[in-house]
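Trainee: no FASTA, just this:
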């Protein structure tokens, strides 16, 4: 088995990973991931969504990573840096996706380590995220030291259209001086 490598995706390298990111998103939705898309997501819609993400990467509002093996995208995550004057201490983790066949290899942990390091480098002391309440992801985030802030009932529907509660998690990486 070849080694998987973590890579930060820039606006310049985005095109290299685009098709793999599209395939990864399609795989995640097909396997029931509640990541903002409905069942039947097509490649064109997924590609358009990733193109919008590229725009955020270009503006510097969003940091994007992939884990790739032989240039095949196995996993990805995003960190959205809050741009509001009163929120420069926070960043949101979004779209932690791992290819179904690549699960249980430590790729998500590798990505979350990169996210937290980047958050600190950008002076973001609070990292937060949301995930489907009751999912295996909750155990994963708790194991990484994230704390449950609360649940929002019927916040979003899964790809099949059933509304589910969302769990909000956070982790304090550092505190800004008051």
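Mentor: On my side now, so go ahead. Note that this is a predicted model, so its numbers are computed, not measured. Numbering: from 1, shown residues only.
Trainee: For the rest of this, base every contact and every neighbour count on C-alpha atoms.
Mentor: Noted.
Trainee: I'd guess residue 97 is in a strand, am I close?
Mentor: Yes - read with DSSP: H, G, I helix; E, B strand; the rest coil, residue 97 is one of the residues of a strand.
Trainee: My guess is residue 166 contacts residue 155. True?
Mentor: Yes - assessed by Cα atoms under 8 Å, residue 166 is found in contact with residue 155 at 5.8 Å.
Trainee: quick one: contacts for residue 34?
Mentor: Contact partners of residue 34, counting by Cα atoms under 8 Å, 6 or more residues apart in numbering, are 131, 132, 156, 157, 158, 159.
Trainee: from the residues you listed, which ones fall inside strands?
Mentor: Within the contacts of residue 34, residues falling in strands by DSSP state E are 131, 132, 156, 157.
Trainee: With neighbour numbers in mind, choose between residue 166 and residue 155.
Mentor: Between residue 166 and residue 155, counted using other Cα atoms under 10 Å, the more crowded position is residue 166 (22 against 13).
Trainee: mind checking which helix or strand the more buried one is in?
Mentor: Take DSSP states H and E as the rule and residue 166 turns out to sit in strand 163-172.
Trainee: by contact count, what packs against that strand?
Mentor: strand 126-132, strand 147-157 (3 or more Cα pairs under 8 Å, 6 or more residues apart in numbering; DSSP states H and E).
Trainee: and residue 61, which of those is closest to it?
Mentor: strand 126-132 (14.6 Å; Cα to Cα).
Trainee: The closest one packs against which elements?
Mentor: strand 90-98, helix 136-143, strand 163-172.
Trainee: buried residues in that strand?
Mentor: 126, 127, 128, 129, 130, 131, 132 (16 or more other Cα atoms under 10 Å).
Trainee: I'd like these written out as CSV, with pLDDT and distance to residue 113 added.
Mentor: Output for the buried residues of strand 126-132, formatted as CSV (pLDDT from 0 to 100; distance: Cα to Cα, whole Å):
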residue, pLDDT, distance to residue 113
126, 98, 14
127, 98, 12
128, 98, 14
129, 98, 14
130, 97, 17
131, 95, 18
132, 93, 21
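Trainee: Quick one: end-to-end length of stretch 149-163, please.
Mentor: Distance between the boundary residues of stretch 149-163 (Cα to Cα, to the nearest Å) amounts to 20 Å.
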